[in-house]
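Novice: Sequence and computational prediction follow.
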Amino acid sequence: MKETAFKSGFVALIGRPNVGKSTLLNHVLGQKVAIMSDKPQTTRNKIRGVYTTDTAQVIFLDTPGIHKPKSRLGDWMVKSAREAFEEVDLVLFLVDAKEGMGAGDRFIMEQLREVRTPVFLVVNKIDQVHPDSLLPLIDRYRKEFDFKEVVPISALKGNNTSTLLELILKELPEGPPYYPSEYVTDHPERFIVGELIREKVLHLTREEIPHSVAVMVEEMEREDGDRVYVRATIYTERPSQKGILIGKQGSMLKEVGKRAREEIGRLLGSRVYLDLWVKVKKDWRNEEFMLRQFGYRE
Ligand code: GDP
Ligand code: K
Ligand code: MG
């Protein structure tokens with residue numbers, strides 16, 4: 001049997017806010033455990049997720065926002081985004097089937113025109129439109145740009161996402177895996193953010209609580225208006241510990257949240273909305289799965 005060479009490459013995701021970039025990634029990365037780590041990354045591109053099969057590895061990247069610049073800094077960001085697109089193997093341009101083509105889409109396509117990297121048009125949210133409206137919409141995009149592939153999907157329902165993955169894998173060059181196969185990292189700041197929350201718990205509680213606590217940052221996303229939304233869960237081992245952590249009328253949790261929010265804000269250099277939860281997970285310390293999730297194992 002002929003052995004096929006391993007393929008690997010970098011895929012940039014671009015599209016207006018809320019087109020479904022995060023949803024697509026979560027879907028692709030599926031049930032895999034999110035391991036947090038502080039592996040080095042390039043300064044321009046943020047690793048969003050690593051998808052590994054027996055024969056290939058795809059590294060999905062966040063690209064700097066590409067909006068019509070309102071300032072010199074904006075000009076610079078557009079230029080660096082364009083350069084980032086040159087350095088990847090494939091660009092996925094996500095659009096919203098229901099919203100149709102907007103000025104934001106046109107601006108992105110203008111920038112992509114100056115880039116040699118192949119671009120796929122990914123028409124997302126097809127579950128929200130009548131099939132008949134799809135072809136005219138795709139035609140409109142095609143008139144504006146020469147896409148290597150056009151793939152209609154529903155990231156939410158998982159429709160046609162396996163076709164998209166196949167086409168992505170086809171586009172990748174031969175190359176080695178850049179990350180261990182179990183590495184599915186999200187933003188590495190996540191781990192630090194979790195640790196900051198844990199630190200506040202340690203400062204504010206005593207006795208057995210500190211050792212029985214783990215923090216998992218489930219979501220961390222920069223919203224419009226430069227605020228970062230963080231949803232995190234503090235895990236304890238017993239209901240009584242959960243009670244202590246929440247405190248009288250939520251006072252303890254409020255204090256943990258307040259202190260953590262300030263420090264996370266300093267770390268990230270932006271305002272933070274911290275959505276903090278407490279859950280009981282008996283014996284989390286003994287469960288390999290949980291240890292991985294919390295980033296205590298590679
Ligand atoms: P992002 O800003 O591009 O990362 O977009 P998100 O992934 O956060 O998605 C924005 C919203 O669109 C969320 O409410 C998603 O649930 C929703 N969404 C994403 N993909 C789909 C889809 O295929 N169908 C539908 N109906 N909703 C979707
Ligand atoms: K969003
Ligand atoms: Mg997103």
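Specialist: Thanks, I have the structure now. Ligands and ions are numbered 1, 2, ... in the order given.
Novice: where along the stretch 51-200 of the chain do the strands fall?
Specialist: Remark: strands assigned in the stretch 51-200 of the chain by DSSP state E, counting those that start in this stretch are 56-62, 90-96, 119-124, 149-152.
Novice: Give me the residues contacting the shortest one.
Specialist: With C-beta atoms under 8 Å, 6 or more residues apart in numbering as the test, strand 149-152 has contacts from 97, 120-123, 126, 134, 138, 141-142, 160, 163-164, 167. All C-beta atoms are positioned from the backbone trio N, CA, C, and that covers glycine.
Novice: Of all the strands of the stretch 51-200 of the chain, which one comes closest to ligand 3?
Specialist: Of all the strands of the stretch 51-200 of the chain, strand 56-62 sits nearest to ligand 3, with 8.5 Å by C-beta to the ion.
Novice: can you list contacts of the closest one?
Specialist: With C-beta under 8 Å, 6+ apart as the contact definition, strand 56-62 has outside contacts at 6-13, 25, 28, 45-52, 84, 88, 168-169, 172, 177-179, 181.
Novice: before we move on, what about stretch 13-32?
Specialist: So stretch 13-32 is contacted by 48-49, 51, 60-63, 66, 85, 91-96, 99, 102, 104-105, 108, 112, 122, 124-125, 153, 155-156, 158, 161, 165, 184, 221, 224 (C-beta under 8 Å, 6+ apart).
Novice: picking up where we left off before, now tabulate the contacts of strand 149-152 in CSV and tack on distance to ligand 1, pLDDT and neighbour count.
Specialist: Output for the contacts of strand 149-152, formatted as CSV (distance: C-beta to the nearest ligand atom, whole Å; pLDDT from 0 to 100; neighbours: other C-beta atoms under 10 Å):
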residue, distance to ligand 1, pLDDT, neighbour count
Ala97, 8, 97, 22
Phe120, 15, 98, 19
Leu121, 15, 98, 22
Val122, 10, 98, 28
Val123, 10, 98, 22
Ile126, 7, 97, 22
Leu134, 13, 96, 15
Ile138, 16, 97, 18
Tyr141, 17, 97, 19
Arg142, 21, 97, 12
Asn160, 10, 96, 17
Thr163, 14, 96, 13
Leu164, 12, 97, 22
Leu167, 17, 97, 17
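Novice: what about the residue in the chain positioned nearest to ligand 3, which helix or strand?
Specialist: With C-beta to the ion, the shortest gap between the chain and ligand 3 falls at Ser22, namely 3.3 Å. Here Ser22, judged by DSSP states H and E, is contained in helix 21-29.
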